[in-house]
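# I would like to see how this sequence folds:
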Amino acid sequence: MRRLSAAPPAAFLLALFFLGAAGAGRELQPGSRLAAGAARAALHYLNFQAGSPGALRALGQVRKATLKSIPGSGHKYYLHFTTEDYKSGENAGSCLATVLYPRTKSPPVVNIKCMHTKDQKQIQEEDNRLYQKLRHQTKPIIGNNIPDSYGNIEPALEPVWALAVAGSSYIMWEKSTETVGYFMAQVRSARQWIRKDDFIEFDYTVLLHETPTQEIISCHMRLTWLSGHPLKVKHFCASENQGLEDGSGMESGSAAGILHERGANF
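Coordinates of the predicted model:
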């Protein structure tokens, strides 16, 4: 009788992954700005696609990074990095990702697979509790300056902040380039709209910290959410020094800061 083979060890899968960067690829210092920027772009994509306030991840450490030039396409990063749970800061598992920055002005093309240390049923239950709380509001939640100037968030506003992080992750992924990245800095204002259907809806003004320019980008975001379904985001952004910068139509996921370091990891 033929024996079933054991699952390939993690080290083997890691080596196999980085074989794709062999040849013309060059290894980067894990702590380099380019490697960290690409890893954060991948996490922005993941956090939005997950559409789950309870599953938000922050960047831990980049373990390995390789850069490869793809003729006619752009620069492609092969990354292995650790993540942290956004809320607790605890280890949330490691990820393997590729991030291709196209030569055009298109958003980065991300492929990412992550290990999970947090129980998925627990995440679903946490999301559902948050959803039920927001869904049954008789008065709309209104908040400003989340977190405050001391970095504090009122417990009642934590769900509002978490949804803002998930939604703005789309904006940060869409705007990321090989040399420019974004952190979530603050929710300047948030207002819930009470709906008659099952969706949760918020209007946000969020402040994004652009690096390395240190510019603060103000974005208006309309977010709708139904637990267990993709987020939908509509937004436009303008910097403090410029007029209207760009806009986006309705977007949705498919699976799914200045406050360094936990908040800034996004």
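# So Lys68 belongs to a strand, correct?
Yes - under DSSP: H, G, I helix; E, B strand; the rest coil, Lys68 sits within a strand.
# Thought Leu79 was touching it, still the case?
No - using CB atoms under 8 Å, Lys68 is not in contact with Leu79, being 11.7 Å away. Yep, even glycine has a C-beta here, placed from its N, CA and C like the rest.
# So between these two, which is more surrounded?
Higher neighbour count among Lys68 and Leu79: Leu79, with 27 against 17, using other CB atoms under 10 Å.
# check contacts around the more buried one.
Contact analysis of Leu79 by CB atoms under 8 Å, 6 or more residues apart in numbering lists 35, 38-39, 42, 62, 64-65, 95-99.
# partners of it in the sheet?
Beta-bridge pairing of Leu79 under DSSP bridges involves Ala65, Ala97.
# Against Pro212, how distant is it?
From Leu79 over to Pro212 the distance is 20 Å, taken as CB to CB, to the nearest Å.
# what mean pLDDT does the one helix or strand Gly143 maps to have?
Using DSSP states H and E, Gly143 sits within strand 142-146. Across strand 142-146, the average pLDDT comes to 94.
# who's in contact with it?
By CB under 8 Å, 6+ apart, the surrounding residues in contact with strand 142-146 are 153-154, 157, 160-161, 164, 186-192.
# which one among those residues gets closest to Gly31?
Among the contacts of strand 142-146, Gln186 lies closest to Gly31 (CB to CB), at 26.7 Å.
# my guess is that closest one meets Tyr204, correct?
No - the criterion here is CB under 8 Å, and Gln186 misses it with Tyr204 at 10.6 Å.
# Where does pLDDT dip in the chain?
In the predicted model of the chain, residues 1-24, 239-266 satisfy pLDDT under 70.
# how would you label the spatially most central residue of it: helix, strand or coil?
Centroid-nearest residue in the chain, with CA atoms, centre = their mean: His44, separated by 2.3 Å. Assigned by three-state DSSP, the conformation of His44 is helix.
# Leaving out the residues flanking it, which one is nearest to it?
Closest residue to His44 apart from its sequence neighbours, by CB to CB, 6 or more residues apart in numbering: Trp173 at 3.7 Å.
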